[in-house]
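Engineer: sequence and predicted structure, then a few things I'm wondering about:
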Amino acid sequence: MGLETLCRISETPEQLRTILRGFYAHETVHVFQSDDDGDKGNALLREVLTEGAADFVAMLVTGQQMDPARAAWAKPREAKLWEQFQADLKTTAGLRINEMKPGTPAAESVHRWVANYGSAPAGWPGEAGYWLGQRIWERWYNRQPDKAAAIRAMLELGDPEAVLATGSFVK
């Protein structure tokens, strides 16, 4: 569960309880998400939406941002992050995660957003893609008339490109 990390970043028992509630909510979402081998659509987009859905639902459940420091870093940079993400989606188009060789532009594009806890790019927080995915889902969710059906759709992630089109950043 990563308790050694969660305990290390918690300064008080109440802070640990808050972090554990969010962590539990996030990981529980993963249990209910469709298990897909990544053949549908862009692998980077799928990863960002999968983690973003878990953070978004955890935020709905707990009423708190999963990583406030990451959100504080990302929010004022949202337009630039969106531009970078669009470029990285092009770099990873047509590739599955396990096909991306270390050191290649595609692998670096994925690493910029996910699977980089403790090794994020210079000047970036870890797992910035979680926040971006959460923002995409937040916009998408706010446009859905049936919120219960929207949560089910998040768990199924049937059409990542449609979610992106509906939840994309518009300045």
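Structural biologist: Sure thing, it's come through. Here the structure is a predicted model, which means the values were calculated and not measured.
Engineer: grab the most central residue of the chain for me.
Structural biologist: residue 130 (2.3 Å; CA atoms, centre = their mean).
Engineer: wait, what's in contact with the residue nearest to that residue when sequence neighbours are not counted?
Structural biologist: The spatially closest residue to residue 130, leaving aside those adjacent along the chain, is residue 51, at 4.4 Å (CB to CB, 6 or more residues apart in numbering). Heads up, the C-betas are built off the backbone N, CA and C, glycines and all. Applying CB atoms under 8 Å, 6 or more residues apart in numbering to residue 51 gives the contacts 114, 127, 129, 130, 133.
Engineer: the first one and residue 46 touch, don't they?
Structural biologist: No: using CB atoms under 8 Å, residue 114 is not in contact with residue 46; the gap is 10.1 Å.
Engineer: and the next element down the chain from the lowest-mean-pLDDT helix or strand in the chain?
Structural biologist: Every helix and strand in the chain was compared by mean pLDDT, DSSP states H and E; the lowest is helix 3-8, with a mean of 69. Where DSSP states H and E defines the elements, the next helix or strand beyond helix 3-8 is helix 13-32.
Engineer: got the buried residues for that following helix?
Structural biologist: 19, 22, 23, 25, 26, 29 (16 or more other CB atoms under 10 Å).
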